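Q: Need the 3D shape of this:
(chains A and B)
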Amino acid sequence: MGTPASRIAALEEGGALSFDAVYEAEFDFVYRVVARLSGSSDIDDLVQEVFLVVHRRLEEFRGDARLSTWLFRIAYRVVGAHIRRERVRRRARQFLGLERSHPAPEPNDEQTRVRAALSELSFERRSVLILFEVEGWTAREIATSFGIPEGTVYRRLHEARAAFRRAYPAGGKP
Amino acid sequence: MSDERDPELGKTLDLALGPANAPYGAKLRVRRKLDERLAKPRTNWALVAVTLAGMACVAVLFFWFGRAAAPTAVNVPETRYSELMLSSARVLLRDDAKLSVERDDANGAVVRLAAGAALFHVRKGTGKSFEVFAGATRVRVVGTVFGVALGPRGAAVAVDEGVVEVADRAGTRTLRSGETWPPQHGISIDQAALERVRAPLPPGPSGELDKERAGAASEPAPAPPSGEPSAPNDVALAHSAAPVVSSRPPAAASAAPESDYSRARALERAGDANGALAAYQTIVEARGASVEDALFAIARLRAQLGDQGAALTAAKSYRGEFPNGRYARDNDVLVLNAELARGEQTAALVEAQSFLARFPNDPRAWRFRLVRAADRAQRGDCAGARSDIETAPDGAAKRSVLERCPAEQR
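A: Numbers count the residues shown, from 1 in each chain, chains lettered A, B, ... in the order given. Next up, the predicted model:
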């Protein structure tokens, strides 16, 4: 029968995909991507959203890209939509006076400062930076996953590093 | 532009972002919620939009052509509550409240608020605990007056009199008279309802009266945090509409005074455990109307009397006959405790793993996680052990795990 991963690999060459098999084989990957990109405490909910979309659209997957690439794109869109919703929600609450918009208190540990610096980056740049520097993806893998040219990946990476260093001068080499 | 990685930057980011691997149980947990959502029919948003638009048009037409006849005054309906008496408490249910009574016996009561709001006046001086589960929040009290409201984003608690302990994912804290939780999202209490629930309670089943206690109530046993993240909205207990329907009648309150089960419970409350056991056994053998309650009561009483073998047998009988019964989860705890008391560690571990696989978010799950944590600590899996005991209250079992797996050891 083979492991779920080998079944998926075989199925990626043609044939029908089973949602259960996809879930079993790719859950850890999806979880990790969502955890890294979102920086949220709602990871379970976001992962659930991703797999809901996967369940709805699995029939559309034609094998013209790797399954992991296809899953990454869904996860990226779900997390991006979540971050945008949260931003709108926060602004609405500030507008209605339900949440104060005063500057956040000065972070008192390095990790908090790093996270604050990361939050200054756009979702696109933050994602590229994390995938490249932390997850060890190559520029080509990032380019394929995002559906963008490799040169664009390098440009976003450069911009992300610069923006991060402006927000967190102690981090990294120039 | 450099295409080389910056190891220092990567390390800094990795540390700040924290662990990203799926924790133990996440896959099953997410899959369970996913299956629940997939089982529900999908909302056809296009149809909803068209329907709403149509209704809006009808409303506009109605008001346009009918406004001359529209009333200029609006009657404000009276606030309506329905009252529920338990053996140790008065419960005032708001019209939209959905409350189920999971237990109401000599040891105390456990109720679950699935929606809406309720006020509680719990008899003091009985030594019985009273627990309210509302979403991911658990309120534990020993004699007091308080309110609980469950909104779309979680529960809010307000204490009028006495002391309660509130446990949720954010932790456990004690609330005293005048305090609310969460503090930034208070709940307002209808004064008329408050006066009504505050009224002296009638004598209890054993004749006990509502005793005034000097100072705070005695410290309740710690209740563990549980469940999902939530941020409650402001919820007012004052409301108006149709009366409430409880989702489940209390085990005792609805029983006829002379029923076999009532008699058995009366014996139990009077301290005649053997008499109560015999009475419950009669109900079970006769397949009476309260056979489920009686079967669980037998398991519970046997455990209280220290006969863990008989308790285990009775609990497994209950499980076999009522696998999804009203007391199923409490029964699981009985089985676990009986196995632990009998030194059946392997069986207890299997029990724990089975429970956690099926009910990872149950408020009782911390008990089963403690068992699993002890096993993990023994096998050297300190990371897993420490993760398991995060939601456990302080106690000997938790301290034992921490001794094997101190903070600096990962």
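Q: Tell me how far stretch B:37-57 lies from the chain's centre.
A: How far stretch B:37-57 lies from its chain's middle: 33 Å, per CA atoms, centre = their mean, to the nearest Å.
Q: got the residues of chain A near chain B?
A: A:23, A:27-28, A:31-32, A:35-36, A:39, A:41-42, A:44, A:47-48, A:51-52, A:55, A:110-112, A:114-115, A:118, A:129-130, A:132-134, A:136, A:139, A:154-155, A:157-158, A:161, A:164, A:171-173 (CB under 8 Å from any CB of the partner chain). Any C-beta I mention is one placed from the backbone N, CA and C, and that applies to glycine too.
Q: Just list the residues touching the residue nearest the centre of chain A, thanks.
A: Centroid-nearest residue in chain A, with CA atoms, centre = their mean: A:Leu37, separated by 3.3 Å. By CB atoms under 8 Å, 6 or more residues apart in numbering or on different chains, the residues touching A:Leu37 are A:75-76, A:79, A:123, A:126-127, A:130.
Q: mind redoing it with 6 Å?
A: A:79, A:127 (CB atoms under 6 Å, 6 or more residues apart in numbering or on different chains).
Q: Distance check, it against A:Gly80.
A: A:Leu37 is 8 Å from A:Gly80, where distance means CB to CB, to the nearest Å.
Q: what's the overlap in contacts for these two?
A: By CB under 6 Å, 6+ apart, no residue touches both A:Leu37 and A:Gly80.
Q: Could you say which helix or strand holds the residue nearest to the centre of chain A?
A: helix A:19-38 (DSSP states H and E).
Q: Check the offset of that helix from the chain's centre.
A: With CA atoms, centre = their mean, you get 11 Å for helix A:19-38.
Q: Then stretch B:171-184?
A: Taking mean C-alpha positions (CA atoms, centre = their mean), stretch B:171-184 and its chain are 17 Å apart.
Q: quick check: mean pLDDT across it?
A: The average pLDDT within stretch B:171-184 is 76.
Q: Over to stretch B:39-48?
A: On average, stretch B:39-48 scores 73.
Q: So is it next to chain A?
A: No - Stretch B:39-48 is not in contact with chain A by CB under 6 Å from any CB of the partner chain; minimum separation 8.6 Å.
Q: Report how far apart the opening and closing residues of that stretch are.
A: 20 Å (CA to CA, to the nearest Å).
Q: any idea how far stretch B:166-183 is from the chain center?
A: That offset, for stretch B:166-183, works out to 15 Å (CA atoms, centre = their mean).
Q: and it, which residues are buried?
A: Under the neighbour-count criterion of 16 or more other CB atoms under 10 Å in any protein chain shown, stretch B:166-183 has B:166-169, B:172, B:174-175, B:179-182 buried.
Q: And stretch B:7-23, by the same measure?
A: Within stretch B:7-23, judged by 16+ other CB under 10 Å, the buried ones are B:9-10, B:12-14, B:16-17, B:20, B:22.
Q: try stretch B:296-303
A: Buried residues in stretch B:296-303, defined by neighbour count with 16+ other CB under 10 Å: B:296-303.
Q: How about stretch B:320-334?
A: Within stretch B:320-334, the residues that qualify as buried by neighbour count (16+ other CB under 10 Å) are B:322, B:325-327, B:329-334.
Q: ok, which pair from those is furthest apart?
A: B:Phe322 and B:Val333 (14.9 Å; CB to CB).
Q: rewinding a little: out of the buried residues of stretch B:320-334, the closest to B:Ser259 would be?
A: B:Arg326 (17.2 Å).
Q: Can you check what angle separates the one helix or strand B:Arg29 maps to from helix A:19-38?
A: Under the criterion of DSSP H and E, B:Arg29 resides in helix B:26-39. Using axes from the mean of the first three to the mean of the last three CA atoms, to 10 degrees, the direction of helix B:26-39 lies 110 degrees away from that of helix A:19-38.
Q: mind listing the helices for the stretch 201-350 of chain B?
A: B:260-269, B:273-285, B:291-304, B:308-321, B:328-341, B:345-358 (DSSP state H, counting those that start in this stretch).
Q: Can you give me the neighbour number for the residue of the stretch 301-410 of chain B found nearest chain A?
A: Nearest to chain A in the stretch 301-410 of chain B, going by CB to the nearest CB, is B:Asn361, at a distance of 10.2 Å. Counted by other CB atoms under 10 Å in any protein chain shown, the residues lying close to B:Asn361 total 14.
Q: tell me the SS of it?
A: Under DSSP: H, G, I helix; E, B strand; the rest coil, B:Asn361 falls in the coil class.
Q: Relative to B:Glu36, how far out is it?
A: 12 Å.
Q: Report the mean per-residue pLDDT for the strand or helix carrying A:Arg93.
A: A:Arg93 is part of helix A:67-95, with elements assigned from DSSP H and E. Per-residue pLDDT values across helix A:67-95 average out to 87.
Q: packing partners for it?
A: When contacts are defined as 3 or more CB pairs under 6 Å, 6 or more residues apart in numbering or on different chains; DSSP states H and E, helix A:67-95 sits against helix A:19-38, helix A:43-57, helix A:139-146.
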